[in-house]
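> pasting a predicted model and its sequence here:
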Amino acid sequence: MAQTVLAIKNIRQFFSEIGELSYFAGRFFKEFLKPRFEFKELLRQSYQLGNRSLVLVLITGFIIGLVLTLQTRPTMIQFGAVSMMPNMVGISIVREIGPVITALICAGRIASGIGAELGSMRVTEQIDAMEVSGTNPFKYLVVTRILAATLMLPILVIFGDSVALYGSALVENLKGNVSFQLYFNTVVDALSFGDLIPATVKSFFFGFVIGLVGCYKGYHSKKGTAGVGIAANTAVVMASLLVFVVDFIAVFVADIFYEL
Amino acid sequence: MNCNMELKVNTIPRTNSIDQRKAVIDIRDLRKSFGDNHVLNGFNMKLYEGENLVVMGKSGSGKSVMIKCLVGLIEPDSGYIEVLGKEIKTLDRETLDTLRSDIGFLFQGSALYDSMTVRENLEFPMRRHKEKLGSTTDTEPLVLEALENVGLAHAVDLMPEELSGGMKRRIALARTIILKPKIILYDEPTSGLDPITSKEIIELMRSIQKKYGTSSLIITHDVDCARVVSERMILLVDGTNYAEGTYTELSSSNDPKVEAFFKK
């Protein structure tokens, strides 16, 4: 009985959280469309979020490219399809692995960073101080961060994909004696708009949910300094989960339009 | 609680000269609860033009909630709040923001923006209230004037992390006065500071009041601070006005609850 009550409570809490997050997203669009645009803060946040995540995305992308090629190569050789390696790796990285891995890294890096920063500003009354000074803190802090994350993620995905393909090309060059030029020509030939457009569009959505969840958790942080930690932690968990949900929806929709 | 005793204590008379001044803040029957916790239970208060009013109460007695209701940071459950002739509840966002430029708020923990320099912290309130700049667009003279008022002009390019607790409080005070507000709300201005720095902050509060003729509402439980700055005091107990009067009147009261505040 007690377990049922607890389960019902958790389900109610889950839907309540979804409702509040949707309201928060609605407020973002409402405030985003209202003038006074905080361009300077948007640029600062874009630089901060993009620059701080770039090295991590590059290193991870390069390793993913290397590992993916090293591990699939023996199987491809067994099937006599080693010449298809660039096609297979290229499509996998551009369509799925690149955007999702980059989004997950950013969920850890950006969502937790925003959650902790805004949470700390909330508990130290900095957000209240902004409100009292007549500045709309939602517009200044939240809208700029969500927009910056939305705009920066596709750029990070492009960088991540590029180095992942370079890592893969390096393995092919060393192990299969395939030139870089031949490798990249094959990859470009294998890719179509049906691969590039859905991957790019879903990257914007990944960025949006990462920024949204980070801001939502931080902006509503409670319970003093402990709340800051909780905000950062739950922001990562929720953002990572939503990345997979968005990915599923994106693949489903892309399948309708491009018949993958 | 004994209601009769409360009424009795409340009858300590106010100074007549204060009564004749215009009220810049008028709070009537303010109530606010957080779940079952009834923080404010019909609080009443008037702050007069140019007056220094101290509201004292124990931690958790609703002082900070009351001051946040005043500037629209917390919405009260019921009651009437009028600031500079405008009823807070009826104001739209735009009008409330304009009104807020006439109210300075010194937060308990200073609330300086971590990611901004002292200069940027002081310039921040002016982004929204450019009309306060007059004909000039140069914020530098105003920033320097505010910093000179608190004796920290040399700290203009420092980051908040490079400042001591006392310096942070003084910079926060400079940020509070930069728009030349008509009312300044102080939320525990001396909390967390050593006695010497507390004295410096109290002196600054007095000199600012003298220089700009502001009305001040000071929320504190620091008796020394109350003694030096207050013209009138209200004791907040269980979310309502328990006693009201001058420092001398209250500190000589025989009521046990009032005495408890002044015991050394």
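Received it, and whenever you're ready, just let me know what you need.

> CA atoms only for stretch A:193-213, dumped as PDB, please.
C-alpha atoms of stretch A:193-213 as PDB (Å, rounded to 0.1, in the frame of the first residue of the first chain):
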ATOM      1  CA  PHE A 193      20.700  15.800 -47.600                       C
ATOM      2  CA  GLY A 194      18.600  13.200 -45.900                       C
ATOM      3  CA  ASP A 195      21.500  12.600 -43.600                       C
ATOM      4  CA  LEU A 196      22.700  16.200 -43.100                       C
ATOM      5  CA  ILE A 197      19.400  18.100 -42.600                       C
ATOM      6  CA  PRO A 198      17.700  16.000 -39.900                       C
ATOM      7  CA  ALA A 199      21.100  15.800 -38.000                       C
ATOM      8  CA  THR A 200      21.500  19.600 -38.100                       C
ATOM      9  CA  VAL A 201      17.900  20.300 -37.200                       C
ATOM     10  CA  LYS A 202      17.900  17.900 -34.200                       C
ATOM     11  CA  SER A 203      21.200  19.500 -33.000                       C
ATOM     12  CA  PHE A 204      19.300  22.800 -32.500                       C
ATOM     13  CA  PHE A 205      16.600  20.900 -30.500                       C
ATOM     14  CA  PHE A 206      19.300  19.200 -28.400                       C
ATOM     15  CA  GLY A 207      20.800  22.600 -27.600                       C
ATOM     16  CA  PHE A 208      17.400  24.000 -26.800                       C
ATOM     17  CA  VAL A 209      16.500  21.300 -24.300                       C
ATOM     18  CA  ILE A 210      20.000  21.400 -22.700                       C
ATOM     19  CA  GLY A 211      19.800  25.200 -22.200                       C
ATOM     20  CA  LEU A 212      16.100  24.900 -21.100                       C
ATOM     21  CA  VAL A 213      16.700  22.200 -18.500                       C
END
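
> so for it, mean pLDDT?
For stretch A:193-213, mean pLDDT is 94.

> ok, now stretch B:27-43?
For stretch B:27-43, mean pLDDT rounds to 92.

> Three-state assignment for the closest residue to residue B:83 other than its chain neighbours, please.
Nearest residue to residue B:83, sequence neighbours excluded (C-beta to C-beta, 6 or more residues apart in numbering or on different chains): residue B:25, at 5.4 Å. No exception for glycine: its C-beta is placed from N, CA and C like everyone else's. Following DSSP: H, G, I helix; E, B strand; the rest coil, residue B:25 is assigned to strand.

> does residue B:25 have any beta-bridge partners, and if so which?
Counting by DSSP bridges, residue B:25 is bridged to residue B:47, residue B:83.

> which SSE is the residue positioned nearest the centre of chain B in?
Geometric centre of chain B, nearest residue: residue B:185, 2.1 Å, by C-alpha atoms, centre = their mean. Using DSSP states H and E, residue B:185 maps to strand B:183-187.

> partner strands of that strand and their direction?
strand B:103-106 (parallel), strand B:215-220 (parallel).

> that older thread, how far away is the residue nearest to residue B:83 from residue B:250?
For residue B:25, the distance to residue B:250 (C-beta to C-beta, to the nearest Å) stands at 20 Å.

> who has more neighbours out of these two?
Under the criterion of other C-beta atoms under 10 Å in any protein chain shown, the comparison of residue B:25 against residue B:250 puts residue B:250 first, with 25 against 22.

> list the contacts of residue A:46.
A:148, A:151, A:152 (C-beta atoms under 8 Å, 6 or more residues apart in numbering or on different chains).

> and the strands paired with strand B:183-187 as TSV, adding mean pLDDT?
Putting those into TSV (pLDDT from 0 to 100) gives the following:
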stretch	mean pLDDT
strand B:103-106	93
strand B:215-220	93
